[in-house]
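Q: Structure here, sequence nowhere to be found:
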DNA sequence: CACCGCATCTAATACGTATGAACGGAGAAA
DNA sequence: TTTCTCCGTTCATACGTATTAGATGCGGTG
């Protein structure tokens, strides 16, 4: 017992003693729910008064230990969030998540401690800290599959922002419709007369990348173009993208337009800017280029690249709505939603040059 | 009870059964700490093996229930945070708070539900929800004094970002040193030859405003200038600031420089931009002007106003460090820290016009 | 008068972990 | 042989809450 130390937090037992009732009664009154109307109004008032006087606040740990709910939603990011460039990318998601969390009357628990641990597993401390919350929104490109599997296995309610697949069963997610957006981008380029369209994809084989590739293939098919596998190139690091590469592709393959997949940071935009600054390649005069997504919120308008943008805040809101919905559902059947992206015209694509011939 | 329901998470009891020991032994092995070397090596290995096979993960709720603490820190904002302009202002604080929270091995609880409630009292729900966390960082200009008093009264550990005073006792805070920063700004203007310096202060009488005024007075005193009370004007809404006002002050009072207190949004910058866009007043040709602080992170460089900026991320970090320190201290003596601001030279002040005479 | 229904409330227990006290066995000292 | 010590392990309990199965009292009914 702390002799003169910080006062112990009041518990339901304290309230019970003060109000002259039992702890069980206090619990019934406080948690409010179904059985709460079984309580006489006078008793109820007495309990509430005592609680207010003592400044009572329920103990989250105890509540969730018991299996009850504590009106907390968690947010966990698989990426380290401290690099500021990425952070700018994730901020809109956070905004949407927090806004909808508030609207639903929940509080938001940011799992920072887990995030900062050296190995980025949810189970880092030997414990699954996520379970402090009633449910959790997950985020991030580099997912630990084994963690996802474990979560599904444990039947813990969560929603992923971004489409994700998992070996054992279906998971709930709110994804961006990269397939449709990429398909539309190909269609637009085709409308402008482009026939040789290069697709620069990320080297890792994640769902977003697969979706873009599928959209690319579908777009070509819809335009009646054959897929030239040489025009699908893996790009390990966007910073590698150079004027030499572009000139090579134009010369060797007759490429007139490029679709490139951005990373969450601004390496791609930096590389593009570097190319155009020296006038070594001009977009769209030498070659059209469009971004299959939207990188980190570039600061002072480097250039209005043609791209599509995902409604990140909206996705955050939608994910929270889905999660709350999931919490209310005893069956916990998984849900999947894809949200359309917005086409941003920009100024980096233009008509295909007349001289560019059929070079298939 | 789930009849065929999903597999229950393994507990220490499960491990104990499998390894043929007691739950207590498992706990001793798992938690590892001091008493762990009391265990025979063979037993230890058996337990660890069983734990690994079952995929054990400790239950955080149970663990923190036992310990009394959650390892949760709260963050509460007195302002509604949804207007995006303000949000940009508060974001750096959040960044710092979250970073240091993570570094300290805590998780961060954003009190969104309280924030969104119509009356913005901590005690909105009848109970003090802040107590979900072990301690809390508070933020925001428009504080509810009665809430602060109650918190102090309840002996709940918290740290305010920004200097705050309270009737009953001292509270802990991490503030910006507005006094010194404003004093330095006055000194700089004096060095440039200015003698008639107007101070536009917020109309509300909050600590940050009082500190700036004190710095203004101290700065004048240090420069050997008398305080002309007419040169201290209250400004209800920064949007009210107009070219007519400025011209009037120049003409009637011989003002050559203005110090103005910004709000957390961008109304002030908008008003300034509106003035200069029409060339109705030129800064610093017609009049020097400096901002006593830094408004919302203006998007695409409207102009590099002379100002000082507060290290918001650092303040956030410092607040968390202080809070954790507070948690470890049984006495819970209050702590106060003021962090110096950074002078941003900018281009909106210049030498006082020669013609400007002593007009006191 | 026994019985029932009803409205309120309480006793008891479970959740999973940590930990101080207790315990049993083996050897050593008496 | 008895007593003591020490080591490795277990017992028992507490943490704060939610929940279910009763307990209690009371008015009405047959």
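A: Thanks, I have it. What you see is a predicted model, and the numbers here were worked out from it, not measured in a lab.
Q: I'd like the next helix or strand past the worst-scoring helix or strand of chain A on mean pLDDT.
A: Counting by mean pLDDT, DSSP states H and E, chain A has its least confident helix or strand at helix A:112-116, which shows a mean of 64. Once the chain leaves helix A:112-116, the next helix or strand it forms, by DSSP states H and E, is strand A:135-139.
Q: Which strands or helices does that following strand pack on?
A: strand A:72-77, helix A:84-103, strand A:158-161, helix A:312-328 (3 or more Cβ pairs under 8 Å, 6 or more residues apart in numbering or on different chains; DSSP states H and E). C-betas here are computed from N, CA, C, even on glycine.
Q: In contact with residue A:90: list those residues for me.
A: Each residue near residue A:90 by Cβ atoms under 8 Å, 6 or more residues apart in numbering or on different chains is listed here: A:77, A:79, A:81, A:139, A:264.
Q: and of the residues you listed, the nearest to DNA strand C?
A: Using Cβ to the nearest atom of the strand, the shortest approach to DNA strand C within the contacts of residue A:90 belongs to residue A:77, at 25.4 Å.
Q: Tell me which of the contacts of residue A:90 has the lowest pLDDT.
A: Lowest pLDDT of the contacts of residue A:90: residue A:81, 55.
Q: can I get the contacts of residue A:90 in TSV with distance to residue A:12?
A: Conversion of those to TSV gives the following (distance: Cβ to Cβ, whole Å):
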residue	distance to residue A:12
A:77	35
A:79	40
A:81	37
A:139	36
A:264	46
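Q: Show the low-confidence segments of the stretch 201-350 of chain A, by residue range.
A: Applying pLDDT under 70 to the stretch 201-350 of chain A flags residues A:297-301, A:330-331.
Q: Look at the spatially most central residue of chain A and report its pLDDT.
A: For chain A, residue A:161 is the residue whose C-alpha lies nearest the centre (Cα atoms, centre = their mean; 3.5 Å). pLDDT, residue A:161: 96.
Q: quick one: contacts for it?
A: A:93, A:137-139, A:173-175, A:315-316, A:319.
Q: what residues does the stretch 1-150 of chain A put near DNA strand D?
A: Contact residues, the stretch 1-150 of chain A versus DNA strand D (Cβ under 7 Å from any atom of the strand): A:8-9, A:11-13, A:23-24, A:27-28, A:30-31, A:33, A:35, A:56, A:58-59, A:62-63, A:65-68.
Q: Pass me the low-pLDDT residue ranges in the stretch 51-200 of chain A, would you?
A: A:68, A:80-87, A:113-128.
Q: go again using 90 as the cut-off
A: Scanning the stretch 51-200 of chain A for pLDDT under 90 picks out the ranges A:51-72, A:76-92, A:95, A:99, A:102-107, A:109, A:111-135, A:140-157, A:166-170.
Q: For DNA strand C, what's the nearest residue on it?
A: DNA strand C sits closest to residue A:66 of the stretch 51-200 of chain A, with a gap of 4.0 Å, by Cβ to the nearest atom of the strand.
Q: Residue ranges of each domain in chain A, please.
A: Domain ranges of chain A: A:12-58, A:72-176+A:312-341, A:178-309, per the TED database.
Q: got a list of what the closest residue to residue A:187 other than its chain neighbours touches?
A: Computed as Cβ to Cβ, 6 or more residues apart in numbering or on different chains, the closest residue to residue A:187 that is not its neighbour in sequence is residue A:219, at 5.8 Å. With contact set as Cβ under 8 Å, 6+ apart, residue A:219 has these partners: A:182-187, A:190.
Q: if we can go back for a sec, roughly how far apart are the residue nearest to the centre of chain A and residue B:216?
A: Per Cβ to Cβ, to the nearest Å, residue A:161 is found 48 Å from residue B:216.
Q: Likewise for residue A:269?
A: Applying Cβ to Cβ to residue A:269 and residue B:216 gives a distance of 44 Å.
Q: And the two? Which one has more around it.
A: Neighbours per residue, other Cβ atoms under 10 Å in any protein chain shown: of residue A:269 and residue B:216, the larger number sits with residue B:216, 26 against 19.
Q: Got a ChimeraX select line for the buried ones in the contacts of residue A:219?
A: Per 16 or more other Cβ atoms under 10 Å in any protein chain shown, the buried members of the contacts of residue A:219 correspond to this ChimeraX selection:
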select /A:182,183,184,185,186,190
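Q: would you turn the contacts of residue A:219 into JSON lines with distance to residue A:102?
A: What follows is these, written out as JSON lines (distance: Cβ to Cβ, whole Å):
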{"residue": "A:182", "distance to residue A:102": "34"}
{"residue": "A:183", "distance to residue A:102": "36"}
{"residue": "A:184", "distance to residue A:102": "34"}
{"residue": "A:185", "distance to residue A:102": "35"}
{"residue": "A:186", "distance to residue A:102": "39"}
{"residue": "A:187", "distance to residue A:102": "39"}
{"residue": "A:190", "distance to residue A:102": "44"}
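Q: Inside helices: which ones of the residues of the stretch 1-150 of chain A next to DNA strand D?
A: A:12-13, A:23-24, A:27-28, A:30-31, A:62-63, A:65-66 (DSSP state H).
Q: ok so, going back, out of the contacts of residue A:219, which comes closest to DNA strand D?
A: residue A:182 (46.8 Å).
Q: who touches whichever strand or helix holds the closest one?
A: Using DSSP H and E, residue A:182 sits within helix A:178-191. In this structure, residues lying in contact with helix A:178-191 by Cβ under 8 Å, 6+ apart are A:197, A:208, A:211-212, A:214-216, A:218-220, A:222-223, A:225, A:257, A:259, A:288, A:290, A:292-293, A:308, A:338, A:340-341, A:343, A:349.
Q: which of the domains of chain A sits most buried?
A: domain A:72-176+A:312-341 (a mean of 20; mean count of other Cβ atoms under 10 Å in any protein chain shown).
Q: roughly how far is that domain from the heart of the chain?
A: 7 Å (Cα atoms, centre = their mean, to the nearest Å).
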